[in-house]
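**Q** Structure of the sequence below:
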Amino acid sequence: MLNSIRNLSKHPVILTMMGMLIFVFVLFFGLPGQGEMEQAQSVFTQWGARVNGEELDVSESLLYGRRRARSNKDEVAVLKARMDEMVSEALVDNAAREMGWVSGREEERKYMASAGNPDSLYFGEDLRRDDDLVAAFKATLAPGERLEDMSAEEATARYITYARKSAGFKGERFKEVLDGWAVTADEYMAIKGRELRTRGYLSFLRPAVKVSDRVARDRVAQAETAWRFSVAQVGAEHVPAGGEAPDAASVDAFLKDGEAKVSAYYQAHVEDYSKSQLKFTQVSARYTGEEQQAKAKAQVEEARVRVAKGEDPTEVAKALSTPELALSAFALSNKTRKNTSDALFTKTLALEVGALSEVELVERPAFSFPGMPPQPKGGTYSFVRLEEKTLGEERALKDVEREIAARLIDEQRRGERAQGVAQALLKAAGAQGLAAAVDAHNAASQPAAPAPAPAPAPAPAPLVLTESGDVKVDELLEGELAGVGRDAVAAERVLMSLFRLAEGQVVGEVLKVGDKWVVLALKEVARPTDADVELKLPAEQLAAQAAREGQLFGPSWTQFITFSPSLPPLPREILMVVQRDLMAVFMGAQEGFLDRLLDSKDYQALVERNPKMVAYFAGEQP
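**A** Numbers count the residues shown, from 1 in each chain. Take a look at the predicted model:
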């Protein structure tokens, strides 16, 4: 098909039409200025940098740079970035040749046409659809082989080998592609020679960061070891009430800045202030967009009229529903202020049994989610009929806000004193053990016999000794204390003392987790068996090796070793394998040791940059 198109492009009629289009374009826009042509020519025929005397042409940066540019606006920035990469690659190539890492022309030619060169995907004549090609490639895998089990390098090399064979490597196609990239065969071979030597030398360096079997075993053993703690948590409820009750000035000051805290406490304990229960039927219609809004309102208003006359709400809802707009009628029982919106509960509570509320509207704003068309503004029209009402004590927030504020002030004061209680507990635990210290504290803080009337303030709650979950190093690094809570500072303190503790010893400081002060004593250490270590050893060796390589190479050189300077046009399924292996390195986005070495004065002394190109990349006229 491509050959047919090429032949048609040389037809006299096509050539005549193209000539007419060019003539009209020149007539309308004029010829480009001589200065513009000279400027473009001067830019891309310049050498961009010299590395130990070897010139790197700006035109070479076009080979991969323009594939990465998403628009003409960022092309200059991308070309500059590619030129910087070329300088680094030339520095590595220079070091490789000094170490005797050389390549001959025949070796470079073979590499250029091999599956190791991702560019070879462009040189086939039959360019098939990616999904067809991947399906055909997967069909060639041996029984039991799976694409997702391959490494990034194996998956890409085998896929490119198959894709090249399927597409058919064509010499004339190779020349056409190089013409499109504006490089000669000799220039391309020189570029690929440097790439071959650089990739080979970097791969040669890989064993230098090999992770020993002993190190991997130690890492598995550490990751799988679990520490279990006895836990004593001290909060405000464990501290006796003391001192004077908050005065009016303290309450006023608290309400001024702590109104949200008072409201949150009321909502969390609303069952203590609202004892009524309701049963009601709610009839509603949900609409989307302005066109449906008027219909929804009319249907709900008609439904209210019919229900007011004695018709059954469920039958009315069925009768008025349409395929475009549905009405619903739900009987709701055991509704309290805790499980119902405050506005709906208050409105319904004021009704007499059998009475109907007015039709009301609750609006919903417009919204959109990725992958979905935007949803216009909508809402719900509804009314309720009260079926049953069981009245109980009702105390609104405004009636109890001062009482709640005083309670919160007292809890705050007791919470401050809880730290002192925890410190004393820690000191006692260091001498007699945590369990004995908890028992002694409870014996001292709880009254021996019921207090005579009038009763004093309630005794504090006794401390309870609990057990943590399995505390592991990786979880501590994430700030998690299993069975205790999440707090980065507390987890760091535990981690710092973890390997120094013997069973029965306490962590040497009181920890703050949430609103509690925590004392920990090591109860036992559960270490993995040899079988557990052997099972997890291969995965740990791979992960540790990848981490070491990431520290040496960083994301840029890790990608270079796998794909050369440019990620080839790989299909989605192959890219998923690539991302699995390399995303951890890319997400780190940290320079590797090699990057820092090449930025050092000794290496940068070998680099000379063309002042004209420096000015051009900076946005100045060359």
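
**Q** Next up, phi/psi of residue 338, please.
**A** phi -80, psi -40 (degrees, to the nearest 10).

**Q** okay, now it: neighbour count?
**A** Neighbour count of residue 338, defined by other C-beta atoms under 10 Å: 12. For every residue, glycine as well, the C-beta is placed using N, CA and C.

**Q** my read: it touches residue 271, true?
**A** Yes. Using C-beta atoms under 8 Å, residue 338 is in contact with residue 271, at 5.3 Å.

**Q** mind checking pLDDT for residue 30?
**A** pLDDT, residue 30: 42.

**Q** Please read the previous query as pertaining to residue 464.
**A** pLDDT, read off for residue 464, is 89.

**Q** Same check on residue 440?
**A** 92.

**Q** and the helix or strand containing it, what other elements does it pack with?
**A** According to DSSP states H and E, residue 440 maps onto helix 434-445. Applying 3 or more C-beta pairs under 8 Å, 6 or more residues apart in numbering; DSSP states H and E, one finds that helix 434-445 contacts strand 226-234, helix 397-432, strand 465-467.

**Q** try 10 Å
**A** Secondary-structure packing of helix 434-445 (3 or more C-beta pairs under 10 Å, 6 or more residues apart in numbering; DSSP states H and E): strand 226-234, helix 397-432, strand 465-467, strand 516-526.

**Q** who touches the third one?
**A** Contacts made with strand 465-467 from outside it, assessed by C-beta atoms under 10 Å, 6 or more residues apart in numbering, are listed as 228-233, 434-435, 437-439, 442, 483-484, 519, 521, 523-524.

**Q** centre of the chain versus that strand, how much separation?
**A** Offset of strand 465-467 from its chain centre (C-alpha atoms, centre = their mean, to the nearest Å): 35 Å.

**Q** do the last one as well
**A** On the basis of C-alpha atoms, centre = their mean, strand 516-526 sits 32 Å off its chain's mean C-alpha point.

**Q** tell me what it is packed against?
**A** strand 226-234, helix 397-432, helix 434-445, strand 465-467, helix 488-498, strand 511-513.

**Q** Keeping just the C-alphas, turn the first one into CSV.
**A** Extracted C-alpha coordinates of strand 226-234, given in CSV (Å, rounded to 0.1, in the frame of the first residue of the first chain):
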residue,chain,number,x,y,z
ALA,A,226,7.9,-8.1,64.2
TRP,A,227,8.1,-6.3,67.5
ARG,A,228,5.1,-6.6,69.9
PHE,A,229,4.6,-4.1,72.7
SER,A,230,2.6,-3.9,75.8
VAL,A,231,0.8,-0.5,75.5
ALA,A,232,-0.5,1.9,78.2
GLN,A,233,-2.3,5.0,76.9
VAL,A,234,-3.0,7.9,79.2
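
**Q** orientation of whichever helix or strand comes after it relative to helix 397-432 in degrees?
**A** Moving toward the C-terminus from strand 226-234, the next helix or strand (DSSP H and E) is helix 248-257. Angle, helix 248-257 to helix 397-432, by axes from the mean of the first three to the mean of the last three C-alpha atoms, to 10 degrees: 100 degrees.

**Q** Tell me which other helices or strands the helix or strand just after helix 248-257 touches.
**A** Where DSSP H and E defines the elements, the next helix or strand beyond helix 248-257 is helix 259-268. Packing contacts for helix 259-268, counted by 3+ C-beta pairs under 10 Å, 6+ apart, involve helix 248-257, helix 397-432.

**Q** name the helices or strands packed onto the longest one?
**A** Contact analysis of helix 397-432 by 3+ C-beta pairs under 10 Å, 6+ apart lists strand 226-234, helix 248-257, helix 259-268, helix 434-445, strand 511-513, strand 516-526 as its packing neighbours.
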